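Participant: Task: produce atomic coordinates for the following.
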Amino acid sequence: MARQATPMKQTRTRHSQAYKDEALALAERIGVSKAAEQLGLHASQLYGWRSKKHQTQAGSEREQSLADENARLKRLLAEHAEELAIGKKGRRVLCQEPQVKYAFMRTHTAHFSIQAMCRVLGVARSGYYAWCSRRPSMRQRRRAELDRQVAQAYSARKGRSGAPRLCHDLREAGLPCNRKTVAASMQRQGLRAKAAKKFKATTNSQHSLPVAENLLKQDFKASAPNQKWVGDITYLYTEEGWLYLAVVIDLYSRMVIGWAMNERMTADLVCDALHMALWRRRQPNDVIVHSDRGSQYCSAAYQELIRAHHLRCSMSAKGNCYDNACAESFFHSLKVECIHGERFTSRAQMRETVFEYVETDYNRQRRHSTLGHISPEAFEARMCA
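Facilitator: The predicted structure is shown next:
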């Protein structure tokens, strides 16, 4: 019996996108039916290709339209953000004369666009450019130089100093000026020292431990080192958790002579801070060591350390933060000038920041009005010379 021949399976021809585009172009010129006949295609293929091309083009146009709208909204948001930043930076010059606004604009051309600053400050670009093209007077040149030096001193102090302290820095650098002149320069440039935040007490005095007598009695003056020390604890927030800081300050020079940091607020924390103070001051005797009446300072370990080194323990009255005002003032300065407005992801980062502030900025550079506007280290060096 003869075997029946199996019909061969017809394979479908695949066409590239370039071929389809040219075929559709030909169909546009001579018609779909004629183009299909010449190319050996079915008319339905050309209709299908054309429909798909129209859909793709429509989708691309929609995507492009959405992309353009998205870009437009992003530009608007960026412009609004820039205007808000300009308004925040230049709020002190908004009501000033045009020349002051022009000076502000020239100072901040690296950060903001001229067009945006003109829009926010309410001045014309032509007026600004005309002002820039004019040769500055001697007074304007002196003012510009003063502004440059004030901004440099402000930056060197990390934005922590206001006009009184910057005035002393500039005088020390050989620039004669007064506080009002420096304050006016800061106002022109939109410079402002870091602001304070509300105080919050941290002392836990709800305990039954013995409390020492208040020997200090708010007398924060000392005629020599190692007569009166004050100590206190504060807490510092990080994204990893709380970090507790204990300090010991010599009231003679307001120098932080002992400090300790730990993630737990225990008696060991204040003992470690006192150990550092004793080590740095070479084990003095008969020093009044004042603190609040927190449980850490009333603990047996801390009191034994006081007795072992022949120190005199003193404690504040209950609930009276003014009895330990110098320690509270230090924590205020630390948080305002160094902590507030910053983000700390770990305790290690906070430790590094606090160490740098205490040992570099506060003890060696920060000016104290109580000390005649010099640093604690400079005060001790001058008085002991």
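Participant: Contact partners for the residue positioned nearest the centre of the chain?
Facilitator: Nearest to the geometric centre of the chain sits Glu342, at 4.3 Å (Cα atoms, centre = their mean). Contact analysis of Glu342 by Cβ atoms under 8 Å, 6 or more residues apart in numbering lists Thr353. All C-beta atoms are positioned from the backbone trio N, CA, C, and that covers glycine.
Participant: where does it fall, helix, sheet strand or coil?
Facilitator: Assigned with DSSP: H, G, I helix; E, B strand; the rest coil, Glu342 falls in the coil class.
Participant: Same check on Val123?
Facilitator: Once three-state DSSP is applied, Val123 turns out coil.
Participant: May I have the predicted confidence score for it?
Facilitator: Here, the pLDDT recorded for Val123 equals 91.
Participant: any idea how far it lies from Arg91?
Facilitator: 15 Å (Cβ to Cβ, to the nearest Å).
Participant: The two: which has the busier surroundings?
Facilitator: Neighbour tally, Val123 and Arg91, criterion other Cβ atoms under 10 Å: the higher count belongs to Val123, 17 against 12.
Participant: which residues touch the more buried one?
Facilitator: Per Cβ under 8 Å, 6+ apart, neighbours of Val123: Pro98, Lys101, Tyr102, Met105.
Participant: at 7 Å instead, please
Facilitator: Pro98, Lys101 (Cβ atoms under 7 Å, 6 or more residues apart in numbering).
Participant: how far away is it from Gln64?
Facilitator: Val123 is 38 Å from Gln64, where distance means Cβ to Cβ.
Participant: Sketch out the strands for this protein, chain order is fine.
Facilitator: Counting by DSSP state E, the chain has strands at residues 228-238, 241-250, 255-262, 288-291, 312-315.
Participant: any idea which of the ones you listed is most buried?
Facilitator: Most buried of these by mean neighbour count (mean count of other Cβ atoms under 10 Å) is strand 288-291; its value is a mean of 26.
Participant: How far off centre is it?
Facilitator: 35 Å (Cα atoms, centre = their mean, to the nearest Å).
Participant: same thing with stretch 137-147?
Facilitator: 30 Å.
Participant: Can you measure across stretch 109-119, start residue to end residue?
Facilitator: 14 Å (Cα to Cα, to the nearest Å).
Participant: which one of the strands of the chain lies closest to Ile86?
Facilitator: Closest to Ile86 of the strands of the chain, according to Cβ to Cβ: strand 228-238, at 31.3 Å.
Participant: Could you check the angle that closest one makes with strand 241-250?
Facilitator: 160 degrees (axes from the mean of the first three to the mean of the last three Cα atoms, to 10 degrees).
Participant: if I pick Tyr19, what's in contact with it?
Facilitator: For Tyr19, no residue meets the contact criterion (Cβ under 7 Å, 6+ apart).
Participant: on that earlier part again, Serialize the strands of the chain to JSON lines and add fields for mean pLDDT and distance to His54.
Facilitator: Below are those laid out as JSON lines (pLDDT from 0 to 100; distance: least, Cβ to Cβ, whole Å):
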{"stretch": "strand 228-238", "mean pLDDT": "93", "distance to His54": "59"}
{"stretch": "strand 241-250", "mean pLDDT": "94", "distance to His54": "61"}
{"stretch": "strand 255-262", "mean pLDDT": "94", "distance to His54": "70"}
{"stretch": "strand 288-291", "mean pLDDT": "94", "distance to His54": "83"}
{"stretch": "strand 312-315", "mean pLDDT": "93", "distance to His54": "87"}
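Participant: Relative to Cys321, which of the ones you listed is closest?
Facilitator: Proximity to Cys321 (Cβ to Cβ) singles out strand 228-238 among the strands of the chain, at 9.5 Å.
Participant: backbone phi and psi for the residue nearest to the centre of the chain, please?
Facilitator: phi -110, psi 160 (degrees, to the nearest 10).
Participant: Arg72 versus that one, what's the distance?
Facilitator: Note on Glu342: its distance to Arg72, by Cβ to Cβ, is 35 Å.
Participant: Ala67: neighbour count?
Facilitator: Ala67 - counted by other Cβ under 10 Å - has 10 other residues nearby.
Participant: got it, and the one 3 residues further on?
Facilitator: Asn70: 10 surrounding residues under other Cβ under 10 Å.
Participant: go on, Glu328?
Facilitator: Residues near Glu328, counting by other Cβ under 10 Å: 18.
Participant: Contacts only, for Pro210.
Facilitator: Counted by Cβ under 7 Å, 6+ apart, Pro210 has contacts Cys298.
Participant: quick one: average confidence on stretch 26-45?
Facilitator: 84.
Participant: Stretch 213-225 now?
Facilitator: For stretch 213-225, mean pLDDT rounds to 91.
Participant: thinking again about what came up before, out of the strands of the chain, which is closest to Phe379?
Facilitator: strand 255-262 (8.1 Å).
Participant: What separation is there between Gln227 and Ser316?
Facilitator: Distance, Gln227 to Ser316, by Cβ to Cβ: 18 Å.
Participant: For the two, indicate the residue with more neighbours.
Facilitator: Neighbours per residue (other Cβ under 10 Å) separate Gln227 from Ser316, with Ser316 holding more: 28 against 15.
Participant: Many thanks, we can stop here.
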